[in-house]
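Engineer: A structural model of the following input is requested.
(one chain, ligands or ions: 2)
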Amino acid sequence: MAASASSSLLFIPTLNKQSFTQSLSWRLPSPSLHLTRSNTSSFVTMAALDAKPTVLVAEKLGEAGLELLKGFANVDCSYNLSQEELCTKISLCDALIVRSGTKVSRDVFESSGGRLKVVGRAGVGIDNVDLSAATEHGCLVVNAPTANTIAAAEHGIALLTAMSRNIAQADASIKAGKWLRNKYVGVSLVGKTLAVMGFGKVGSEVARRAKGLGMHVIAHDPYAPADRAHAIGVELVSFDEAMATADFISLHMPLTPTTSKILNDEAFSKMKKGVRIVNVARGGVIDEDALVRALDAGNVAQAALDVFTVEPPQKDSRLIQHENVTVTPHLGASTMEAQEGVAIEIAEAVVGALKGELAATAVNAPMVPAEVLSELAPFVLLSEKLGRLAVQLVAGGSGVKSVKVTYASARGPDDLDTRLLRAMIIKGLIEPISSVFVNLVNADFSAKQRGLRITEERIVLDGSPENPLEYVQVQIANVESKFASAISETGEVKVEGRVKDGIPHLTKVGSFDVDVSMDGSLILCRQVDQPGMIGRVGSILGQENVNVSFMSVGRIAPRKQAVMAIGVDDEPNKDALKKIGDIPAIEEFVFLKL
Ligand SMILES: NC(=O)c1ccc[n+]([C@@H]2O[C@H](COP(=O)([O-])OP(=O)(O)OC[C@H]3O[C@@H](n4cnc5c(N)ncnc54)[C@H](O)[C@@H]3O)[C@@H](O)[C@H]2O)c1
Ligand SMILES: O=C(O)[C@H](O)COP(=O)(O)O
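Structural biologist: Residues are numbered from 1 along each chain as shown. Ligands and ions are numbered 1, 2, ... in the order given. Coordinates of the predicted model:
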């Protein structure tokens with residue numbers, strides 16, 4: 001049930017209450033499918049809305065990215081904000097863009113009052129963003145994972161070569177009036193073994209370049225495919241083997257609970273005496289006190305560091321001041337080219353997200369490729385409406401805890417991604433009975449928080465898998481219904497729907513077959529099947545100027561019980577509903593908003 005956090009395509013919730021309507025928006029591949037759902041459940045197109053969203057840019061961003069943002073949003077560039085200032089400003093912003101220097105903490109999400117819909121990290125590492133808090137608040141986090149790869153790799157190589165030839169120390173000494181040709185004798189790289197720790201985008205580019213310098217390159221990465229390593233002539237080895245055989249170690253993994261202080265006293269004790277270390281990943285992957293001990297003992301000959309556990313580090317830090325340590329102030333991504341690239345990459349992602357388009361670099365939401373989304377679009381709508389309908393059929397005080405969703409399809413289970421549908425069913429179930437705003441980012445979390453258990457079942461049908469789904473069924477167990485006919489033979493509130501000509505239809509209520517398009521609102525009546533019922537209800541609605549969009553009757557047998565489903569464009573007033581209820585043949589009825 002947990003939403004997997006992987007990066008690929010996805011949609012996003014849209015803009016704030018003030019600027020647009022508090023809403024969920026989907027930008028699907030066809031513009032005609034771009035829908036915004038307002039609080040009143042009507043759908044309006046974004047074109048009808050003219051207010052601009054506000055994007056807070058909290059750290060310096062390349063001009064091209066800023067221009068792109070300004071074409072769509074009001075852009076507030078406020079740098080060096082304190083946490084308090086950020087928390088105050090954030091309640092007026094729909095999006096926030098940061099680099100690594102801003103902590104986007106839980107307080108920031110809480111202070112946003114639900115307005116913040118997307119956080120853009122203009123770079124790779126998202127360790128400065130509280131992802132759990134973002135997810136809980138339904139806020140999408142996107143990053144710019146590719147534009148600074150080469151810059152970071154080049155910086156890694158720059159540090160490797162500068163360190164091995166004492167460039168920084170020699171430069172400082174000559175500027176201090178000294179000429180120390182014997183002191184700064186370096187070591188050669190050719191023929192030496194470099195262990196690349198973390199064989200991702202940056203790690204593999206460093207490996208490629210180091211091979212060009214004549215180094216023997218090995219790599220450790222528990223998740224990297226061996227064939228990618230082999231393709232560039234790199235052998236994947238265990239952590240211990242990397243520690244034991246490397247003359248140089250270069251770190252390129254993310255900072256996670258597993259990698260935190262991965263280079264500690266124990267790891268240093270496994271290294272070759274005189275090893276040299278480069279870190280352009282994150283300061284936290286090294287236990288900095290342990291590194292100082294290893295440097296003092298001569299077990300580590302030199303280190304070159306671009307990143308630190310706390311940035312900026314203390315001026316008098318022993319590590320920074322160590323004569324065998326070369327440091328730069330987190331410059332890995334800081335080339336003109338990388339910063340322009342990152343700025344464009346993140347601005348496009350944030351603008352797209354605010355428009356409700358697919359986000360290719362989402363960090364905290366499941367990935368749904370565009371072509372899948374396009375095909376599933378009407379089923380997405382159907383799912384939300386079925387959830388919304390099912391929960392409204394539950395009698396007050398019943399407490400919805402257990403929901404079973406059945407997807408019937410001629411496609412094999414691996415051919416149908418149901419996460420989006422599940423998220424929308426959850427949205428439909430939760431929103432009518434709470435003030436929570438649910439979207440793809442926080443759906444599973446919201447369900448879990450409310451103790452809502454969703455089980456999913458697949459029915460594989462015979463026949464051609466032309467449509468992704470034949471029908472979707474939602475059943476709520478252990479509840480009473482305010483419309484007894486909605487209870488199935490097995491005792492659950494049950495609704496079922498299909499997509500017909502691209503339009504969601506309700507096709508079953510309890511054990512009654514109906515067929516009504518799910519648009520506007522719905523009146524469900526159970527009656528004794530007899531002539532004239534449609535006319536009587538229709539004329540009451542007509543007198544009250546309520547337009548009927550659809551009518552359908554499902555019955556057990558002629559002249560026995562029947563359920564009539566009436567789709568209406570407008571909400572009938574109390575009088576009209578009372579008149580319907582007063583028709584003698586009507587045993588029960590319910591009015592539902594879709
Ligand atoms: N200094 C800078 O300015 C700068 C610039 C860019 C990236 N970075 C940092 O560099 C790091 C790598 O960036 P990237 O774009 O290559 O990311 P990436 O996601 O492409 O690669 C990270 C790799 O680390 C691997 N990994 C995860 N856990 C590991 C572990 N326990 N041991 C070994 N490998 C592990 C992953 O499998 C992945 O292949 C990140 O920490 C990023 O924040 C720093
Ligand atoms: O993770 C990253 O992308 C780098 O560390 C760059 O960080 P920066 O955007 O703060 O330079």
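Engineer: separation between Asn148 and Met551?
Structural biologist: As judged by Cβ to Cβ, to the nearest Å, Asn148 and Met551 stand 60 Å apart. In short, each C-beta sits where N, CA and C put it, glycine included.
Engineer: Compare these two (neighbour count), which wins?
Structural biologist: Remark: of Asn148 and Met551, Asn148 carries more neighbours, 25 against 18, as counted by other Cβ atoms under 10 Å.
Engineer: so who does the residue nearest to the more buried one when sequence neighbours are not counted touch?
Structural biologist: Using Cβ to Cβ, 6 or more residues apart in numbering and skipping residues adjacent in sequence, the residue nearest Asn148 is Ala333, 3.7 Å away. The neighbours of Ala333, taking Cβ atoms under 8 Å, 6 or more residues apart in numbering as the test, are Arg99, Gly123, Val124, Asn148, Ala151, Ala152, Gln339, Val342.
Engineer: Which residues of the protein lie near ligand 1?
Structural biologist: 124-125, 145, 148-149, 152, 197-203, 220-224, 252-255, 258-259, 280-282, 306-307, 330, 332-333 (Cβ under 6 Å from any ligand atom).
Engineer: could you flag which of those residues are buried?
Structural biologist: 124-125, 145, 148-149, 152, 197-203, 220-221, 224, 252-255, 259, 280-282, 306-307, 330, 332-333 (16 or more other Cβ atoms under 10 Å).
Engineer: Which single residue of the protein ends up nearest ligand 2?
Structural biologist: Nearest residue of the chain to ligand 2, counting by Cβ to the nearest ligand atom: Gly123, 2.6 Å away.
Engineer: Isn't that residue up against Thr146?
Structural biologist: No. Using Cβ atoms under 8 Å, Gly123 is not in contact with Thr146, being 10.5 Å away.
Engineer: Same drill for those two, tell me which one is more crowded.
Structural biologist: Set Gly123 next to Thr146 and count neighbours by other Cβ under 10 Å: Gly123 wins out with 24 against 13.
Engineer: Contact partners for the more buried one?
Structural biologist: Taking Cβ under 8 Å, 6+ apart as the test, what Gly123 contacts is Arg99, Ser100, Asn143, Ala144, Asn148, Ala333, Val342.
Engineer: Grab the nearest non-local neighbour of the third one.
Structural biologist: Taking Cβ to Cβ, 6+ apart, and ignoring the residues beside it in sequence, Asn143 has Arg121 as its nearest neighbour in space, at 4.2 Å.
Engineer: what number of residues lie near the one you found?
Structural biologist: Around Arg121 there are 27 residues (other Cβ under 10 Å).
Engineer: Could I get the contacting residues of it?
Structural biologist: Counting by Cβ under 8 Å, 6+ apart, Arg121 makes contact with Ile97, Val98, Arg99, Asn128, Val129, Val141, Val142, Asn143, Ala144, Ile346, Val363.
Engineer: which among the residues you listed gets closest to Val441?
Structural biologist: Using Cβ to Cβ, Val141 comes nearest to Val441 of those, at 8.6 Å.
Engineer: in the helix or strand where Phe550 lies, what's buried?
Structural biologist: Assigned by DSSP states H and E, Phe550 belongs to strand 548-555. Going by neighbour count (16+ other Cβ under 10 Å), the buried part of strand 548-555 is Val548, Phe550, Met551, Ser552, Val553, Gly554, Arg555.
Engineer: Stretch 490-509 too?
Structural biologist: Buried residues in stretch 490-509, counted by 16+ other Cβ under 10 Å: 492-499, 504-509.
Engineer: Ok, stretch 573-582 next?
Structural biologist: So, applying 16+ other Cβ under 10 Å, buried residues of stretch 573-582: Ala576, Leu577, Lys579, Ile580.
Engineer: Indicate the residue of the stretch 1-150 of the chain located nearest to ligand 1.
Structural biologist: With Cβ to the nearest ligand atom, the shortest gap between the stretch 1-150 of the chain and ligand 1 falls at Gly125, namely 2.7 Å.
Engineer: Quick one: residues contacting that residue.
Structural biologist: Per Cβ under 8 Å, 6+ apart, neighbours of Gly125: Ser100, Pro254, Leu255, Arg282.
Engineer: Tell me the secondary structure at it.
Structural biologist: For Gly125, the assignment made with DSSP: H, G, I helix; E, B strand; the rest coil gives coil.
Engineer: what's the spacing between it and Pro145?
Structural biologist: 10 Å.
Engineer: Please apply the same query to Tyr471.
Structural biologist: Counting by Cβ to Cβ, the gap from Tyr471 to Pro145 is 39 Å.
Engineer: now do Ile277
Structural biologist: Distance of Ile277 to Pro145, computed by Cβ to Cβ: 25 Å.
Engineer: Quick one: neighbours of Ala297, just the number.
Structural biologist: Ala297 has 10 neighbouring residues, counting by other Cβ under 10 Å.
Engineer: ok, now Val119?
Structural biologist: Val119 has 31 nearby residues by other Cβ under 10 Å.
Engineer: What parts of the chain come near ligand 2?
Structural biologist: Arg99, Ser100, Gly101, Ala122, Gly123, Val124, Gly125, Asn148, His330, Gly332, Ala333, Ser334.
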